[in-house]
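Peer 1: I would like to see how this sequence folds:
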Amino acid sequence: MSSSSPSTSSSEFNQAYVFVDGLAPVPTANEQVQSSDVPGSSDNDVHSLLLPTLECSLCLSLVCEPISTSCGHTFCRVCLVKSLRRHKKRCPSCREVCHLVAENAAENVMIKAIAMLLDRDTYLARLEEAKQEKTSWTTLYPIFYYNSTIFPGNILSLHLFEPRYKLMMQRVVNTTNAFCYVPNFSNYCAQIGDVALVAKVKEAEFLPGKIIFIMEFPVLTYVYSF
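Peer 2: Next up, the predicted model:
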């Protein structure tokens, strides 16, 4: 085996070759390969490779308003809302427990950007369909009871340590930052049509063993029991 450098000018090739007796020249590790020379690297090929991975496994269409669950799966917002309401807080793919509030959960902005880049027209069309679907949704808030009367505009500081309230507030902070506040001086049970306050979490600090919240109560609303 002998090695040599071809006489071709550097403007045509920017690599060195190793010549093997009786075989075609083999590029060395210094060879710079242009992307246009690689099979399957055209824009159309990239589009065809990526688009199937961005399909929602529930509707089998381009994902719209992508929401990622804690177990790592991603679905359209509308599809995930329907599934969680029908199957009691389970991931549609792996059946893991999923306490995500899909109606208000933050979108996966990276997946959204890629979907928009690959097929903007389809994404915008699906977005319009989703807006129509959302008009039939009912807003649901978790209910928190406390033995104190609060009026719109008041601010209340709470120190929460019970596990059930810690879990509830964690979900509130991770989703809508809102819940219904109902004063409770007896064994009260919320009923549809009762008047309550919508609490907006303005500050939240998580400490070992307890959570401290400072909340503002700006508006009146109706309680929905669930």
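Peer 1: Phi and psi next, for Leu84.
Peer 2: Note on Leu84: its backbone torsions stand at phi -70, psi -30 [degrees, to the nearest 10].
Peer 1: Count the neighbours of it for me.
Peer 2: By the criterion of other C-beta atoms under 10 Å, Leu84 has 21 neighbours. C-beta coordinates here come from the backbone N, C-alpha and C atoms, glycine included.
Peer 1: I'd like to check what contacts the biggest helix by length in the chain. Which residues are they?
Peer 2: When every helix of the chain is counted residue by residue (DSSP state H), the longest turns out to be helix 120-134. When contacts are taken as C-beta atoms under 8 Å, 6 or more residues apart in numbering, the neighbours of helix 120-134 outside the stretch itself are 61-62, 64-65, 76-78, 115-116.
Peer 1: What pairs with the helix or strand just after that helix, parallel or antiparallel?
Peer 2: Helices and strands here follow DSSP states H and E; after helix 120-134, the next one along the chain is strand 143-146. In the sheet containing strand 143-146, its partner strands are strand 178-183 (parallel), by DSSP bridges.
Peer 1: Using neighbour counts, pick out the buried residues of the helix or strand just after the strand it pairs with.
Peer 2: With elements assigned by DSSP H and E, the helix or strand that comes after strand 178-183 is strand 195-207. By neighbour count with 16 or more other C-beta atoms under 10 Å, strand 195-207 contains the buried residues 196-199, 201.
Peer 1: what kind of secondary structure is the residue nearest the centre of the chain in?
Peer 2: Among the residues of the chain, the one closest to the centroid is Ile67, at 3.1 Å (C-alpha atoms, centre = their mean). Under the three-state scheme (DSSP: H, G, I helix; E, B strand; the rest coil), Ile67 adopts strand.
Peer 1: Contacts only, for it.
Peer 2: So, once contact is read as C-beta under 8 Å, 6+ apart, Ile67 ends up touching 74-77, 80, 100, 102, 105-108.
Peer 1: Distance check, it against Val173.
Peer 2: Distance, Ile67 to Val173, using C-beta to C-beta, to the nearest Å: 17 Å.
Peer 1: Domain-wise, how is this protein divided?
Peer 2: For the chain, automatic domain parsing gives the domain ranges 1-32, 47-134, 143-222.
Peer 1: Just put these in a markdown table and tack on mean pLDDT.
Peer 2: Converted to a markdown table, the domains of the chain look like this (pLDDT from 0 to 100):
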| stretch | mean pLDDT |
| --- | --- |
| domain 1-32 | 46 |
| domain 47-134 | 89 |
| domain 143-222 | 76 |
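Peer 1: Good, we can wrap up now.
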